[in-house]
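>>> Only the shape, not the letters, is given here:
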């Protein structure tokens, strides 16, 4: 006879992880929404770098946690999925001209690269996080944890990791790429006593 995992209500450790994940999800969704709305465009990259970093750290806790098994073997209906197209359009507008990047599809299987977009990744992560948050808000702590953990391992964790590197590279180019004459002048000034 096959053994089945023991399903039990969330313990205090799982509840703490769920509360932390809900908090990070809300912060991420707020930041992404504000960037899409054009609020403080000069701070968009640093804010997204922090938001993605924070949600990756929260997701890593999920990845390191033993598999979460919800009480029910089906996902309870929490209503229709929110329309994320306006969010995607706003982010695509915010990243116009620098939205597209390439990434390694699966670093364990080879060096194949594929297309990706900053706006698409931000929205994919937002959608997965929001689905878990909807379960959390209706009291489905285990369902929320299961969803966040499953989607972290299957999709948004990888999306967030690629995105984090891309945002960091963008920020590096923005701050470090300077004209040759400006760089030469700064180097000369730095060498003078």
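Great, that's in hand. Predicted model only: the values in this text are computed from it and were never measured.

>>> need the longest helix for this protein.
Taking DSSP state H as the criterion, the chain has its longest helix at helix 12-36.

>>> got the buried residues for that one?
14, 17-18, 21-22, 24-25, 28-29, 31-32, 34-36 (16 or more other Cβ atoms under 10 Å). Glycine gets a C-beta too; all of them are placed from N, C-alpha and C.

>>> helix or strand right after it?
helix 44-64 (DSSP states H and E).

>>> Residues contacting the helix or strand following that following helix, please?
Moving toward the C-terminus from helix 44-64, the next helix or strand (DSSP H and E) is helix 85-94. Here helix 85-94 makes contact (Cβ atoms under 8 Å, 6 or more residues apart in numbering) with 32-33, 35-38, 41, 44, 99, 117-120, 122-123, 126.

>>> let's see it at 7 Å
Outside helix 85-94, the residues that touch it by Cβ atoms under 7 Å, 6 or more residues apart in numbering are 32-33, 35-38, 41, 44, 99, 119-120, 122-123, 126.

>>> ok, now stretch 30-50?
Applying Cβ under 7 Å, 6+ apart, the external contacts of stretch 30-50 come out as 51, 87, 90-91, 94, 122, 126, 167-168, 170-171, 174.

>>> how does it look with 10 Å?
Contacts to stretch 30-50, defined as Cβ atoms under 10 Å, 6 or more residues apart in numbering, come from residues 27-28, 51-52, 54-55, 84, 86-95, 98, 118-119, 122-123, 125-126, 129, 163-164, 167-168, 170-171, 174-175.

>>> Among those residues, the buried ones, what's the ChimeraX command?
Buried residues within the contacts of stretch 30-50, by 16+ other Cβ under 10 Å, are selected in ChimeraX with:
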select :28,51,52,55,84,87,88,90,91,92,94,95,118,119,122,123,125,126,129,163,164,167,170
